[in-house]
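Visitor: Whatever this is, show me its structure:
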Amino acid sequence: MSLIDSHCHLDSKEFDADRDAVIQRALDAGVDTMVAIGTGDGPPDLQAGIRLAERHDFMYATVGVCPQDAGKASEQTWVEMAPLTPTRR
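Guide: All right, here's what the predicted structure looks like:
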C-alpha cells in the first residue's frame, strides 16, 4: 500500500529545528509521497513548498493562499503567484 500525506505544512516555523527529522520519521512510518502545501507564513512566501519539493524527489508542492490569510494577500501576491501555477486548458 502506498501512503500519501496530501496536505503537509512542513514549511512552518515550528519545524525549523527538526524539519529533516520530521520528514524522515514520515518516510520511516511508510509515507512515500508528500504534498507540501507551502503557504509559509502567508502570502509573503509563496515558494515555501516549492523549495521543499525541489529538495526531495518524493515531495510535490502547491502554491496558493489559505482562506484565513486571504486578507493578507495583495495585488502583488497574485502577480507573483501567476508564473508559479500551471495554466489549465
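
Visitor: And the strands in the chain?
Guide: Counting by DSSP state E, one finds strands in the chain at the ranges 3-8, 31-36, 59-61.

Visitor: middle-most residue in the chain, spatially?
Guide: Residue closest to the mean C-alpha point of the chain, counted by CA atoms, centre = their mean, is G38 at 2.3 Å.

Visitor: where does the chain have low pLDDT?
Guide: 40-44, 87-89 (pLDDT under 70).

Visitor: in the longest helix belonging to the chain, what counts as buried?
Guide: Looking only at the chain and at elements set by DSSP state H, the helix with the highest residue count is helix 19-28. By 16 or more other CB atoms under 10 Å, the buried positions in helix 19-28 come out as I23, A26. Where you see a C-beta, it was placed from the backbone N, CA and C, and this is true even at glycine.

Visitor: ok, and what's touching it?
Guide: By CB atoms under 8 Å, 6 or more residues apart in numbering, the residues outside helix 19-28 that reach it are D5, C8, L10, F15, M34, H56, F58.

Visitor: what's the farthest-apart pair in those residues?
Guide: Spanning the widest gap among the contacts of helix 19-28 are F15 and F58, at 16.8 Å by CB to CB.
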